[in-house]
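Undergrad: A predicted structure for the sequence below; I have some questions about it.
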Amino acid sequence: MSASNEQPAKKGRRKFELDPALAAYKGVWVFIEHERGQVHSVSWELLGEGRKLADKLGVELAGVVMGAPGPEARRFCEEAYQYGADLCYLVEDPVLANYRNEPYTKGLTDLVNKFQPEILLLGATTLGRDLAGSVATTLKTGLTADCTELAIDPENRSLAATRPTFGGSLLCTIVTLNYRPQMATVRPRVMAMPERDGGRSGRIVEAALGMIETDIITKVLEYIPDNLSDKPQLPFADIIVAGGRGMKNPDNFALLWDLAKVLGAEVGATRPVVQAGWVEAERQVGQSGKTVRPKLYIAAGISGAIQHRVGMEGSDVIIAINNDPNAPIFDFATYGIVGNAMTILPALTEAFRQHVATARKAG
Amino acid sequence: MHIVVCIKQVPDSAQIRVHPVTNTIMRQGVPAIVNPYDLYSLEEALRLKDRFGGRVTVLCMGPPMAEAALRKCLAYGADEAVLVTDRAFAGSDTLATSYALASAIRQIQKDMAVDLVFAGKQTIDGDTAQVGPGIAKRLDMGLLTYVSKIETLDLQAREITVHRRAEGGVQVLKTKTPCLITMLEGVNEMRFATMPNMFRAARYPLKLLDKDAAGIEDVAKIGLKGSPTIVSKVFAPQPKAKRADMIETESGEPRDIAITLLTKLFTQHPKLEKEIDKQAA
């Protein structure tokens, strides 16, 4: 949606009769994204969320698996059941071996037209965003990007998708009333990973793509995998020590690294810190950076503006250190310390170091 | 060669403030800028023009004040600028916007065939990343999103090869032109505006397209009417029911604070204690 649209609609518009043809659309779908033989964790996170939506609606939850023929795609279906899907729509074709916009758009669009889901969720990844925009335009339906919360409006069974707006200063809830399916994307790590239930199973509904290689204009010449070892992996870190502008200068950031080293943690930062060049962009946590859900998040000199908050509020435990007792971060942190981060951090590092040393001796 | 670059004028989000009492956006005094992501696409288009010659047209949909954003692009070196502006477009979401822009590109094409269309990978105000793919679909063009590098462009053979950022790697893709490209951020640096271009930008007679001139055939497809998504609520984030447990000690010494915190943390979250011991080991 564009910014110009971000005005609340008149209240009266919310009560409405769904077009009977659209009322036939039933079920919640999650697009199962995979690359190099592995499903992206965002797909499982979405199945967890989709399960809740489907239960609320009293409908089935389906995974959509597209890929080259072979055991791999079927294995993904099995995994999808274990994460909550009741069934999987499976489109197998050699032209789906690598992601390309044209065949995936056609495959997903055809599936939607044939089986008519009411909700279609995709990960807000480079692949998911590329595909979602094309599919929504082809289907002429609404698409809400980067949602942080999905709910069902009890009044009219429609999907209420909440997302940050105006650069993250506010949240807005968006509905797609007289169009189906209702489409939304969610960024990785925004939703919690569901428990895997190895006992669950489901059924496969197969569909043909109806496209051959010569129909497809875009060719994949090569795939160059990233060298992951030299890049910080914040989204999956268990402990993160992060700093904001309150750290005053890049030298003080060394205090965060010291603490991170003791904890075996990753170092994160806010957008102003990254823009100032104190740390690399991969370490940015927040709306325009990474979304993280560590078990422990230590925020030093971070005020807790919503842009940062949306990227880290899923953390299990948040410890906030800030010299401003009115900093918004204390509204949602688990523990708060009002004080100078430059003196508190070394004390914390020392306390953790001693604790770990004692534990090691005892263990 | 003719390249159309789609841009948007956006409020500088770094300077947006929310009214503390009414929770409404305070728009006054917030400077409007060219969406920063669009500039990577504009610069890439200008580089192609440097190599192959031809014309770069910047295209924007927005209120009359968006003219300033287009003039900025002209100062950077764009040749032509088209502003699609009409009250009928107000309230357009991404689906309606891609319809309007695709329609405008068809009009621009009548003047000179278009080889490439560029758009920003997303905007900083809407952040949807949907308009680019939408335009490509409506014009039945190939789509290359998150491009980090244009490897080759063969205008005779109408072929382009690019590096595209994918999850976990880079795809090298080859497709036919015309196609639509969105550039990844940080892959180039916008050039400085030159004096002659700045003078030209100031004097340039902007091409204004209202809905008819933009070739809009169906007014039900633009504006609020043409937008499937409806904003039902705008609100400030709720504070958590429980405020942070504030760690205070009598002495106020950092060491005492740290020990008090750790004691509380490990008593209330014993799993975390194990986790930390494991990580540190």
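TA: Received, thanks.
Undergrad: tell me if I'm right that B:Gln130 and A:Ala145 touch.
TA: Yes - under the criterion of CB atoms under 8 Å, B:Gln130 makes contact with A:Ala145 at 6.4 Å. C-beta: built from backbone N, CA, C; applies to glycine.
Undergrad: which residues do those two both contact?
TA: Here B:Gln130 and A:Ala145 share the contacting residues A:129, A:132, scored by CB atoms under 8 Å, 6 or more residues apart in numbering or on different chains.
Undergrad: now the strands for the stretch 201-350 of chain A?
TA: Listed in chain order, the strands of the stretch 201-350 of chain A (DSSP state E, counting those that start in this stretch) span residues A:203-207, A:219-225, A:239-243, A:266-269, A:296-300, A:317-322, A:335-338.
Undergrad: please identify the most buried of the ones you listed.
TA: strand A:239-243 (a mean of 29; mean count of other CB atoms under 10 Å in any protein chain shown).
Undergrad: tell me which other helices or strands it touches.
TA: helix A:253-263, strand A:266-269, strand A:296-300, helix B:270-280 (3 or more CB pairs under 8 Å, 6 or more residues apart in numbering or on different chains; DSSP states H and E).
Undergrad: repeat that with 10 Å
TA: helix A:253-263, strand A:266-269, strand A:296-300, helix A:306-312, strand A:317-322, helix A:341-362, helix B:270-280 (3 or more CB pairs under 10 Å, 6 or more residues apart in numbering or on different chains; DSSP states H and E).
Undergrad: what angle sits between the first one and strand A:239-243?
TA: When axes from the mean of the first three to the mean of the last three CA atoms, to 10 degrees is applied, the directions of helix A:253-263 and strand A:239-243 differ by 170 degrees.
Undergrad: helix A:253-263 near chain B anywhere?
TA: Yes - judged by CB under 10 Å from any CB of the partner chain, helix A:253-263 and chain B are in contact via A:261-263.
Undergrad: where does pLDDT dip in the chain?
TA: Looking at chain A here, since you left the chain open. Along chain A, segments meeting pLDDT under 70 span A:1-16, A:167-168, A:228-230, A:363.
Undergrad: chain B, not that one
TA: Using pLDDT under 70, chain B drops low at B:13-27, B:239-241, B:279-281.
Undergrad: nearest the middle, which residue of it would you pick?
TA: Central residue of chain B (CA atoms, centre = their mean): B:Thr123, 2.3 Å from the mean position.
Undergrad: element containing it?
TA: If you go by DSSP states H and E, B:Thr123 is not part of any helix or strand.
Undergrad: same question, B:Ile230
TA: Using DSSP H and E, B:Ile230 falls within strand B:229-235.
Undergrad: buried residues in that strand?
TA: Neighbour-count burial for strand B:229-235 flags B:229-232, B:234 (criterion: 16 or more other CB atoms under 10 Å in any protein chain shown).
Undergrad: and for stretch A:25-36?
TA: A:25-35.
Undergrad: how long is that stretch end to end?
TA: 33 Å (CA to CA, to the nearest Å).
Undergrad: for it, what is the distance to the chain centroid?
TA: In terms of CA atoms, centre = their mean, to the nearest Å, the centre of stretch A:25-36 is found 14 Å from the chain centre.
Undergrad: about what we covered before: out of the helices and strands packed on strand A:239-243, nearest to B:Asp38?
TA: With CB to CB, the closest approach to B:Asp38 among the helices and strands packed on strand A:239-243 belongs to helix A:306-312: 20.5 Å.
Undergrad: is that closest one positioned near chain B?
TA: Yes - using CB under 10 Å from any CB, helix A:306-312 reaches chain B at A:306-307, A:309-310.
Undergrad: can you pick the most crowded of those residues?
TA: A:Arg309 (24 neighbours; other CB atoms under 10 Å in any protein chain shown).
Undergrad: mind checking how far that one is from A:Pro328?
TA: Applying CB to CB, to the nearest Å, the value for A:Arg309 to A:Pro328 is 8 Å.
Undergrad: what do the two both touch?
TA: A:302-303, B:237 (CB atoms under 10 Å, 6 or more residues apart in numbering or on different chains).
Undergrad: among those residues, which one sits closest to A:Glu213?
TA: Nearest member of the shared contacts of A:Arg309 and A:Pro328 to A:Glu213, counting by CB to CB, is B:Pro237, at 48.4 Å.
Undergrad: can you pull out the helices in chain B?
TA: In chain B, the helices defined using DSSP state H lie at B:36-52, B:67-76, B:94-111, B:131-138, B:195-203, B:254-268, B:270-280.
Undergrad: what's the most buried one of the ones you listed?
TA: Highest mean neighbour count of those: helix B:131-138, a mean of 27 (counted as mean count of other CB under 10 Å).
Undergrad: now do that helix: distance to the chain's middle.
TA: 14 Å.
Undergrad: now swap in stretch B:73-93 and tell me
TA: For stretch B:73-93, the distance to the chain centre is 14 Å (CA atoms, centre = their mean).
Undergrad: with just CA atoms, put it into PDB.
TA: Provided in PDB are the C-alpha atoms of stretch B:73-93 (Å, rounded to 0.1, in the frame of the first residue of the first chain):
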ATOM      1  CA  CYS B  73      16.200  13.600 -10.800                       C
ATOM      2  CA  LEU B  74      16.600  15.900 -13.800                       C
ATOM      3  CA  ALA B  75      19.500  17.700 -11.900                       C
ATOM      4  CA  TYR B  76      21.200  14.300 -11.500                       C
ATOM      5  CA  GLY B  77      21.000  13.800 -15.200                       C
ATOM      6  CA  ALA B  78      17.600  12.400 -16.300                       C
ATOM      7  CA  ASP B  79      16.400  13.700 -19.700                       C
ATOM      8  CA  GLU B  80      12.700  13.800 -19.300                       C
ATOM      9  CA  ALA B  81      10.300  13.900 -16.400                       C
ATOM     10  CA  VAL B  82       6.600  12.900 -16.300                       C
ATOM     11  CA  LEU B  83       4.300  13.500 -13.400                       C
ATOM     12  CA  VAL B  84       1.100  11.600 -13.200                       C
ATOM     13  CA  THR B  85      -1.200  13.700 -11.000                       C
ATOM     14  CA  ASP B  86      -4.900  13.700 -10.600                       C
ATOM     15  CA  ARG B  87      -7.200  13.800  -7.500                       C
ATOM     16  CA  ALA B  88      -8.700  10.600  -8.900                       C
ATOM     17  CA  PHE B  89      -5.500   8.800  -7.900                       C
ATOM     18  CA  ALA B  90      -5.800   9.800  -4.200                       C
ATOM     19  CA  GLY B  91      -5.900   6.800  -1.900                       C
ATOM     20  CA  SER B  92      -4.400   4.400  -4.400                       C
ATOM     21  CA  ASP B  93      -2.800   1.300  -2.900                       C
END
